[in-house]
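Novice: Next comes the sequence, and after it the predicted model I'd like to discuss.
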Amino acid sequence: MHRNGRKMEEKRKKKIGLKNYMVLAAASFIYGAAVSLFLDPNNIAPGGVTGLAMIINRMCGVETGTLILILNLPVFLLGFWKFGFRFIISTIFTTFFCSIFTNYFAPYGAVTEDPLLAAVIGSSLAACALGLVFKNGATTGGMDIIVKVLRLRFPYLKTGRIFMICDLIVVAISSVVFQNIDSAFYAAIGVMLMGVVFDLVLYGADGAKLVYIISDCSGKIGDRILEELYIGVTYLEGEGAYSRKTKRVIMCVARKQIAPQIEDIVKEEDPEAFMIVSSAAEIYGEGYKSIFSERI
């Protein structure tokens with residue numbers, strides 16, 4: 001029975017793994033279409049490695065998709081060094097297919113020559129693709145890995161701020177290379193829109209998560225949540241029915257955008273922790289809604 005159960009578990013994991021890679025391939029297809037049918041032919045650099053690839057394409061003529069892959073090669077080595085092979089394999093897969101599909105769609109040219117439409121539709125499609133990639137535990141390489149490494153070295157830096165600075169630098173360079181300031185403005189609109197759509201796909205509509213964490217490392221986890229995420233933490237006293245051991249239970253509330261970072265902290269401090277995450281429909285108090293103003 002034990003052997004059969006192990007085989008069933010292995011089959012289940014293989015099915016989940018195959019499904020994840022199918023989703024990653026579909027997301028890569030969408031991303032390639034967004035770049036080659038909307039952004040690239042309209043000189044709208046979306047920031048990051050893709051934006052750099054578009055800029056270099058204008059300077060040397062190498063296909064944008066090929067440049068995306070080439071520029072990511074040193075980033076892959078950095079990711080492998082810092083995070084290991086298991087982390088980087090799905091990222092390599094996704095980046096490879098993004099490169100393939102970007103080159104595949106390039107000969108078709110622009111779907112629309114209206115730069116505003118191109119920025120809005122292209123950025124929205126790219127953000128949807130990136131959201132699917134992140135939901136399936138991968139990245140598209142490039143700035144995602146670089147920012148993750150920078151956060152290890154400088155944990156006080158805000159992830160969103162790093163992304164924004166890097167994207168704005170790429171957008172500024174594109175205005176010089178493309179010799180069109182309007183394209184840079186449309187690209188900036190696209191970068192901001194990508195952030196909104198990405199959060200919507202990855203985290204859903206605005207709301208919050210109620211998190212309970214039962215761990216032998218509750219002190220370390222609670223301290224990191226307070227110091228790194230600036231989220232209030234409440235300790236509850238609990239007792240295991242079987243072990244009769246007393247444990248501190250962490251209770252905290254976080255916006256959906258922050259909840260994955262709590263999960264990362266728990267995984268790093270105690271992979272064996274027991275964690276319950278549920279949706280919180282309404283929250284009143286400091287940092288959220290005021291029970292008085294909402295009822296006026």
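Specialist: All right, it came through fine.
Novice: going forward, measure contacts between C-alpha atoms and count neighbours the same way
Specialist: Will do.
Novice: mind checking which helix or strand the most centrally placed residue in the chain is in?
Specialist: Centre of the chain computed as the mean C-alpha position; nearest residue by Cα atoms, centre = their mean is Phe134, 4.7 Å away. Element membership for Phe134 (DSSP states H and E) is helix 115-135.
Novice: which helices and strands does that helix pack with?
Specialist: helix 2-34, helix 181-203 (3 or more Cα pairs under 8 Å, 6 or more residues apart in numbering; DSSP states H and E).
Novice: relative orientation of it and helix 181-203 in degrees?
Specialist: Using axes from the mean of the first three to the mean of the last three Cα atoms, to 10 degrees, the inter-axis angle of helix 115-135 relative to helix 181-203 is 30 degrees.
Novice: Tell me where the chain has strands.
Specialist: Along the chain, counting by DSSP state E, strands occupy 208-214, 234-239, 246-255, 274-280.
Novice: I'd like the mean pLDDT over the first one, please.
Specialist: Per-residue pLDDT values across strand 208-214 average out to 88.
Novice: what residues does it touch?
Specialist: 247-256, 259, 273-283 (Cα atoms under 8 Å, 6 or more residues apart in numbering).
Novice: Pull out the buried members of these.
Specialist: Buried by 16 or more other Cα atoms under 10 Å: Lys247, Arg248, Val249, Ile250, Met251, Cys252, Val253, Ala254, Arg255, Lys256, Ala259, Ile283, out of the contacts of strand 208-214.
Novice: Just to check, the third one is in contact with Val233?
Specialist: Think Val249. No. Val249 lies out of contact with Val233 (Cα atoms under 8 Å); the separation is 10.1 Å.
Novice: Need the nearest residue in space to Asn103, chain neighbours excluded.
Specialist: Nearest non-adjacent residue to Asn103, counting by Cα to Cα, 6 or more residues apart in numbering: Gly65, 5.0 Å away.
Novice: what sits against the one you found?
Specialist: Ala53, Cys98, Ser99, Ile100, Phe101, Thr102, Asn103.
Novice: Please apply the same query to Val170.
Specialist: With Cα under 8 Å, 6+ apart, Val170 has these contacts: Ala45, Gly47, Gly48, Gly51, Leu52.
Novice: Show me which pair in those is furthest apart.
Specialist: Greatest spacing in these, by Cα to Cα: Ala45 and Gly48 (8.5 Å).
Novice: Neighbour count: these two, which is higher?
Specialist: Ala45 (34 against 22; other Cα atoms under 10 Å).
Novice: what about the closest residue to that one other than its chain neighbours, how many residues close to it?
Specialist: The shortest distance from Ala45 to any non-neighbouring residue, by Cα to Cα, 6+ apart, is to Gly51 (4.3 Å). Other residues near Gly51 come to 25 when the count uses other Cα under 10 Å.
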